[in-house]
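In: Sequence and predicted model, in that order:
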Amino acid sequence: MVVAELREAGDVAVRSLSSPVSDAFDLLRTGHRRHRFGDRRIGWQVVNLDVDGRRLRYRVTDNVDRAAGDPAPVWAMSLHGYFAGGSMYTRESELLASRFGWRVVNPSLPGFGGSDPLPDAEVTMAHLTDELSRIREHLGIDRMVLLGHSMGAAVAMHYAAIHPEAVLGVLYRDGVATPSWQKRHGTVARLLAGALPDLAPVADMVAAATLDLPDLLVGHALATVRSMLPDLRHNLRTFVRSQPIAAMLMHLDLSDDVRTVRTGGIPVLAEWGCFDRLIPPSTATEFAEVAGMDVHWVPGGHSWMLARPSGQADVLTQMWWGRAFLDAVTARTAQLAA
């Protein structure tokens, strides 16, 4: 980790802290809490969509009320990482819906979070992205912003490559669309490479995920654990049947999709946790080279948005590169509408 990356992550942390500190001073001075960005309580509707006898579960925010003449809300879809699910990201999605007025959809991809697994023969990236199209059709979504984390970032990039007309922008977060993360160089991988070469990469990823746990428990640890438990319970039941997805990811290379999205003019904001050991900085460098763009660094590990659910909203409001992404999304919305 170079100094510049740590400095950028530190700048994000300082700017993220500035708003609550300012709010605290306002509360002490006036006796009233300042409401920022139209903050309001966001609820959820949980939908179990039947797909030829297979359950596809998703959550969607309930912020549907608009005054006459208000523009239609921007839709956003948050795509989770491996062994996660849509409910793990609800705290972050609630903040995005509250601050920006977005209607946010949190699918649980097949095999995770209460959605039934795909048949083994259908475990492909194309079939995973078909699930997004089903949800779009069910909700009547025209165009949307995609937020993808880890495995979900790869799904988002593939979807944007084959359905560019439906995508306003992609928030690509600690993603696996480029393949360097599959070549494990951690201590565990080196120790096991000689005796157990097939097991070494898996063991190294388990060790990296374990080392990421302390970051998840920083701050509101109980709220974080509470948000993760429902999906974890579902995922343990379907663990064996979700293994084909893990095998697919270990041989995935969507570099061509990344280039297609970039040359197609779709706004992309790439973000990485500065202490991510699961998808390491070398993969961020690889993505930056393939995409021909900068990667921006935020405080935390691989799942920084679960531990600090306000982090993404803070980036989009406090950092110049976050605001530039929102401006690009606005411009693309107008362009596609025209």
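Out: Nice, I can see it.
In: Do a quick rundown of the strands in the stretch 51-200 of the chain.
Out: 54-61, 75-79, 103-107, 144-149, 167-173 (DSSP state E, counting those that start in this stretch).
In: Please settle this for me: is R332 part of a strand?
Out: No - with DSSP: H, G, I helix; E, B strand; the rest coil as the criterion, R332 is helix rather than part of a strand.
In: Please name the nearest non-neighbouring residue to it.
Out: Nearest-residue entry for R332: L168, 5.3 Å, with adjacent residues in sequence omitted and distances by Cβ to Cβ, 6 or more residues apart in numbering. All C-beta spots, glycine's among them, are computed from the backbone N, C-alpha and C.
In: Tell me, how many residues neighbour that neighbour?
Out: By other Cβ atoms under 10 Å, the residues close to L168 number 23.
In: Report the contact partners of it.
Out: The contact partners of L168, by Cβ atoms under 8 Å, 6 or more residues apart in numbering, come to 74, 143-145, 266-267, 329, 332-333, 336.
In: The same query, at a cut-off of 6 Å, please.
Out: By Cβ atoms under 6 Å, 6 or more residues apart in numbering, the contact set of L168 is 143, 145, 329, 332-333.
In: now L95
Out: 309-310, 313.
In: Make CSV from those and add pLDDT and secondary structure to it.
Out: Below are the contacts of L95 laid out as CSV (pLDDT from 0 to 100; DSSP: H, G, I helix; E, B strand; the rest coil):
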residue, pLDDT, secondary structure
P309, 96, coil
S310, 96, coil
A313, 97, helix
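In: Next, find the distance separating the residue nearest to R15 when sequence neighbours are not counted from H302.
Out: Nearest residue to R15, sequence neighbours excluded (Cβ to Cβ, 6+ apart): Q318, at 4.0 Å. Distance of Q318 to H302, given as Cβ to Cβ, to the nearest Å: 22 Å.
In: Would you mark the buried spots in stretch 156-168?
Out: Applying a neighbour-count criterion of 16 or more other Cβ atoms under 10 Å, one finds 156-161, 163, 166-168 buried in stretch 156-168.
In: neighbour count winner among Q318 and H302?
Out: Using other Cβ under 10 Å, the more surrounded residue of Q318 and H302 is H302, with 25 against 17.
In: which residues touch the more buried one?
Out: By Cβ under 6 Å, 6+ apart, the residues touching H302 are 174, 212, 273, 276, 278.
In: still on that earlier bit, want to try JSON lines for the strands of the stretch 51-200 of the chain, with mean pLDDT as columns?
Out: Shown next, in JSON lines, are these (pLDDT from 0 to 100):
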{"stretch": "strand 54-61", "mean pLDDT": "98"}
{"stretch": "strand 75-79", "mean pLDDT": "98"}
{"stretch": "strand 103-107", "mean pLDDT": "98"}
{"stretch": "strand 144-149", "mean pLDDT": "98"}
{"stretch": "strand 167-173", "mean pLDDT": "98"}
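In: As JSON lines, those with distance to D11 would be great.
Out: Below are the strands of the stretch 51-200 of the chain laid out as JSON lines (distance: least, Cβ to Cβ, whole Å):
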{"stretch": "strand 54-61", "distance to D11": "30"}
{"stretch": "strand 75-79", "distance to D11": "25"}
{"stretch": "strand 103-107", "distance to D11": "26"}
{"stretch": "strand 144-149", "distance to D11": "22"}
{"stretch": "strand 167-173", "distance to D11": "18"}
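In: Can you say which of these is nearest to G114?
Out: With distances scored as Cβ to Cβ, the stretch of the strands of the stretch 51-200 of the chain nearest to G114 is strand 54-61 (4.4 Å).
In: What about D174, how many residues nearby?
Out: Quick note: D174 (other Cβ under 10 Å) scores 30 neighbours.
In: And for it, nearest residue in space, chain neighbours not counted?
Out: Once flanking residues are discounted, D174 sits nearest to I279: 4.9 Å by Cβ to Cβ, 6+ apart.
In: Repeat that for R54.
Out: Once flanking residues are discounted, R54 sits nearest to D116: 4.5 Å by Cβ to Cβ, 6+ apart.
In: Pop out the phi and psi values for the one you found.
Out: Dihedral pair for D116: phi -70, psi 150, per degrees, to the nearest 10.
In: Quick check: the gap between it and R237.
Out: Distance of D116 to R237, given as Cβ to Cβ: 11 Å.
In: Look at the two and report which has more neighbours.
Out: D116 (17 against 10).
In: how near is that one to D52?
Out: According to Cβ to Cβ, D116 stands 10 Å off from D52.
In: any idea how far N106 is from Y58?
Out: Y58 is 6 Å from N106, by Cβ to Cβ.
In: what's across from A270 in the sheet?
Out: Following DSSP bridges, A270 is listed with bridge partners Y172, V295.
In: Tell me if I'm right that it and V295 touch.
Out: Yes - contact criterion Cβ atoms under 6 Å: A270 and V295 qualify, at 4.5 Å.
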